[in-house]
Every structure is written in structure tokens, then in C-alpha cells.
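Chemist: What follows is a protein structure lacking sequence information:
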């Protein structure tokens with residue numbers, strides 16, 4: 001029976017898996033987006049999201065706990081600095097997985113995993129309405145009322 005055996009072993013020993021996830025988490029924090037396979041991305045999501053939550057409280061103990069997972073002081077500075085500042089009000093869901101297709105040589109499902117608040121293309125900003133080719137009126141032109149324009153008197 002598989003009681004309480006939730007995580008994917010990824011075909012690796014425990015130490016190899018821990019080292020791989022640590023390296024992938026450092027790359028994700030430093031570059032904000034990495035390309036990998038879907039199972040690795042799902043495992044990385046479960047690994048890195050609690051670390052980001054821990055980074056929201058900037059204390060010595062939190063830094064030591066996160067450093068025990070990542071073992072990279074520059075990634076810790078980035079995580080507790082820019083990343084924690086951007087995700088401070090977000091209650092969770094710090095990463096996004098977007099599938100990109102299949103790898104050419106072994107047909108493995110590929111994706112990229114990114115930090116949500118650092119993607120400018122997906123940011124919720126008010127965009128200017130795009131005009132279609134069919135519209136006759138321009139959106140910027142002022143509307144002229146017929147009463148304001150006087151026609152010359154015909155004799």
C-alpha cells in the first residue's frame with residue numbers, strides 16, 4: 001500500500017533528488033524562469049513554494065532554514081530581497097507551470113516553470129483596446145453632434 005507516499009522519486013536516490021531540486025530551485029530564484037520536464041517542474045513546485053513562504057518573514061532563523069535547503073548565499077539574498085518583496089501580499093501560488101510540448105529526442109513532456117509576479121507578459125495591466133480592421137470610427141476622434149454643425153440655408 002502507498003499510504004503517505006505522495007512525492008515523485010524521479011528515478012533518483014534521495015541524495016541525488018535533493019541535490020537536483022536544490023540546484024533547480026536556485027536556478028529558478030536567480031533566473032525567474034527555467035525550462036524542464038513536467039514531472040521535475042511539479043516536484044520543484046512542491047519544493048520551492050514553502051521556501052518562498054518562509055522567505056516572507058525575514059528573520060535570522062528563516063534565512064538559516066532556507067539556506068539549509070538551497071546552500072547558495074546569492075540565491076538567499078535574491079529570495080529574501082526582490083522575490084519576498086514582490087510576493088509579500090500573495091497568499092500562495094508563487095509559481096506557474098506552462099507546458100511547451102515534447103522534447104525531440106525522447107518525447108518527454110516539456111514545460112517552463114516561472115515565478116508568477118516576475119512575468120511582465122502575464123501581468124494584469126490595463127491594455128489599450130485594439131482596433132479591428134472592420135471599425136469605421138476611430139476611438140480617439142471626437143464625436144460631432146449634428147445640432148452643433150449648421151448647414152447653409154438653401155435658397
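Modeler: Done, it's in. Owing to the predicted nature of the structure, the values given are computational and were not obtained by experimental measurement.
Chemist: any idea what sits nearest the residue nearest in space to the middle of the chain, other than its immediate chain neighbours?
Modeler: Centrality entry for the chain: nearest residue to the mean C-alpha point is residue 116, 2.5 Å, by Cα atoms, centre = their mean. Distance criterion Cβ to Cβ, 6 or more residues apart in numbering; nearest residue to residue 116, sequence neighbours excluded, is residue 96 at 5.1 Å. Where C-beta positions appear, they are placed from N, C-alpha and C, glycine not excepted.
Chemist: That neighbour: what's it in contact with?
Modeler: 113, 114, 115, 116, 119, 122 (Cβ atoms under 8 Å, 6 or more residues apart in numbering).
Chemist: how near is the third one to residue 84?
Modeler: Read it as residue 115. Using Cβ to Cβ, to the nearest Å, residue 115 is found at 11 Å from residue 84.
Chemist: Going by neighbour count, which of the contacts of residue 96 are buried?
Modeler: The neighbour count (16 or more other Cβ atoms under 10 Å) marks 113, 114, 115 as buried among the contacts of residue 96.
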